[in-house]
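J.: dropping the sequence and predicted coords here.
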Amino acid sequence: MALEDIRADAMRCTRCAYCKWIPFDLVKSWRFAKGCPSIEYGKFHSYSAGGRLVTALSLMDGRSTVTQAVKDSVFTCNMCGLCDVACKMCRYDMEPLLDLHELRFTLVGDGHTLPQLEPVMDALRRELNMLQQPKAARGGWMQALKLKDLTEEKAEFAFHAGCRYSFDGDLGHVARTSVRILQGAGIDFGVLGRHEQCCGGRAFHIGYRQDYETRARSTLELWERAGVRTVITPCSDCYHTFKRLYPAESGASVKVVHMVELVDRLIRDGQLRLTKPVPMKVTYHDPCHLGRQGEPYVPWKGEEKKIFGQAVCYEPPRPRYNGAWGVYEPPRNVLRAIPGLQLVEMERIKEAAWCCGAGGGAREAYPEFSRRTAGERLEEAASTGADAIVSACPWCERNFQDAAAGAVAKLKVFDVMELVERAL
């Protein structure tokens with residue numbers, strides 16, 4: 001694609017502002033009706049999906065140039081996809097999230113990058129991770145665990161920890177917890193360890209398509225050499241990248257399973273028994289990349305036609321994606337299976353969930369925006385009366401932990417797997 005390819009969407013957008021709110025039929029209160037963190041922060045139309053389509057159209061037609069204000073409006077966005085869900089309440093002929101990606105690809109490709117992101121991208125190219133950590137330290141999370149090395153022996157599954165769990169000292173225990181659960185259930189798996197690399201997903205969302213493609217090719221080559229057919233990951237960012245981006249962008253066909261999906265199945269099959277009470281009231285946060293962007297996705301390729309010069313139709317018919325088929329029930333099933341644990345829901349859940357604020361390069365480039373977005377979610381979580389907010393994504397957990405440190409309501413932050421291990 002090129003920027004010109006999104007002209008149709010830019011012209012069709014009616015500026016209805018649906019993209020700024022959660023779908024109206026899911027609104028439970030005015031307080032938690034907002035859907036787009038960017039417009040809430042920027043307070044101006046250009047900080048919404050509809051506004052960015054106006055920007056794209058203006059750039060295509062030569063009516064404006066790329067200024068710092070344009071870059072701020074384009075990159076002060078988590079790429080969470082809520083706008084895409086809300087837009088498709090009315091318009092299945094538009095793809096706002098794909099359009100925003102193309103706008104970013106164009107800006108980055110033309111050299112309009114953010115200085116704040118250059119160290120992150122340099123680290124990806126040099127150290128194969130975006131946390132600016134030495135690549136030699138990637139396998140450190142495994143510590144004394146005895147795990148199969150997939151470069152030397154075969155296994156049914158490959159466990160991919162991801163960058164955040166591999167390098168974040170406060171979260172590495174979640175990866176260790178995950179593999180202990182797999183071992184206890186008798187799952188045959190192995191790891192690439194220090195050979196594991198960044199999946200490339202965050203580079204894609206920031207706008208660095210070539211860097212994403214480099215990382216995707218490298219990861220797929222590693223898997224092919226190791227004979228990997230199915231990947232297990234506790235990271236929602238990696239899950240989304242492997243399940244949605246690799247097939248769509250790279251033609252890959254490796255199966256991917258998130259830890260919550262596998263544990264849900266193991267509990268139902270009786271391979272994992274949760275018997276110890278965990279007396280706690282929790283609320284679950286749906287990660288964007290496991291939820292609305294975690295549903296299966298196949299890019300449509302066909303022809304657009306007009307009937308009588310007006311009504312648009314598609315041959316073959318376009319599939320409908322609105323975020324409703326993400327991974328929503330497995331984590332909730334797992335939490336409900338824990339004795340003594342009470343799950344209470346926030347108002348904005350599943351495809352209408354408010355973003356944690358860490359995605360799209362926002363955490364690195366616009367930290368205040370990222371913190372405020374996380375703080376809004378913590379306020380919503382606190383309104384449920386929960387003792388803790390639980391998720392299934394290290395980026396969400398990291399951002400919530402940082403925001404919670406300065407929040408009035410002192411909520412604890414857990415990964416689903418931490419609570420599962422307590423119940424074993």
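T.: Thanks, I have it.

J.: so what does Ala423 look like in phi/psi?
T.: Main-chain torsions, Ala423, degrees, to the nearest 10: phi -90, psi -10.

J.: so who does it touch?
T.: 274-278, 337-339, 341 (CB atoms under 8 Å, 6 or more residues apart in numbering). In this view, the C-beta of every residue, glycine as well, is placed from N, C-alpha and C.

J.: make it 10 Å
T.: By CB atoms under 10 Å, 6 or more residues apart in numbering, the contact list for Ala423 reads 272-278, 334-335, 337-341.

J.: export these as a markdown table, with columns for distance to Asn129.
T.: A markdown table is the format used below for the contacts of Ala423 (distance: CB to CB, whole Å):
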| residue | distance to Asn129 |
| --- | --- |
| Leu272 | 31 |
| Arg273 | 36 |
| Leu274 | 33 |
| Thr275 | 38 |
| Lys276 | 35 |
| Pro277 | 38 |
| Val278 | 33 |
| Val334 | 28 |
| Leu335 | 30 |
| Ala337 | 34 |
| Ile338 | 32 |
| Pro339 | 38 |
| Gly340 | 38 |
| Leu341 | 34 |
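
J.: in strands, which of those residues appear?
T.: Among these, DSSP state E puts Leu341 in strands.

J.: inside helices: which ones of the contacts of Ala423?
T.: 334-335 (DSSP state H).

J.: most neighbours among the contacts of Ala423, please name it.
T.: Val334 (30 neighbours; other CB atoms under 10 Å).

J.: so it sits against Leu419, correct?
T.: Yes - counting by CB atoms under 10 Å, Val334 does reach Leu419; the two are 8.3 Å apart.

J.: find residues that contact each of those two.
T.: Residues touching both Val334 and Leu419 by CB under 10 Å, 6+ apart: 274, 341, 390.

J.: distance of the residue most central in space within the chain relative to Leu419?
T.: Centroid check for the chain by CA atoms, centre = their mean gives His289 as the closest residue, at 2.6 Å. His289 sits 21 Å away from Leu419 when distances are taken as CB to CB, to the nearest Å.

J.: go on, Asp25?
T.: From Asp25 to Leu419 the distance is 32 Å (CB to CB).

J.: returning to what we had before: which residue, other than its chain neighbours, is closest to the residue nearest to the centre of the chain?
T.: Once flanking residues are discounted, His289 sits nearest to His240: 3.5 Å by CB to CB, 6 or more residues apart in numbering.

J.: can you give me the helices in the stretch 51-200 of the chain?
T.: Using DSSP state H, counting those that start in this stretch, the helices of the stretch 51-200 of the chain run over residues 68-75, 82-87, 96-109, 118-127, 163-167, 172-184.

J.: for those, which one sits closest to Cys235?
T.: helix 163-167 (6.2 Å; CB to CB).

J.: report all helices and strands that the closest one contacts.
T.: Judged by 3 or more CB pairs under 10 Å, 6 or more residues apart in numbering; DSSP states H and E, helix 163-167 is in contact with helix 118-127, helix 172-184, helix 201-206, helix 236-240, helix 394-404.

J.: helix or strand next in line after the last one, which one?
T.: On the C-terminal side of helix 394-404, the nearest following helix or strand under DSSP states H and E is strand 412-415.

J.: what helices or strands is that following strand leaning on?
T.: Under the contact rule (3+ CB pairs under 10 Å, 6+ apart), strand 412-415 is packed against helix 172-184, strand 280-284, strand 388-391, helix 394-404.

J.: and the contacts of the second one?
T.: Meaning strand 280-284. So strand 280-284 is contacted by 328, 331-332, 334-335, 338, 340-346, 349-350, 353, 377, 380-392, 411-412, 414, 416, 419, 422 (CB under 10 Å, 6+ apart).
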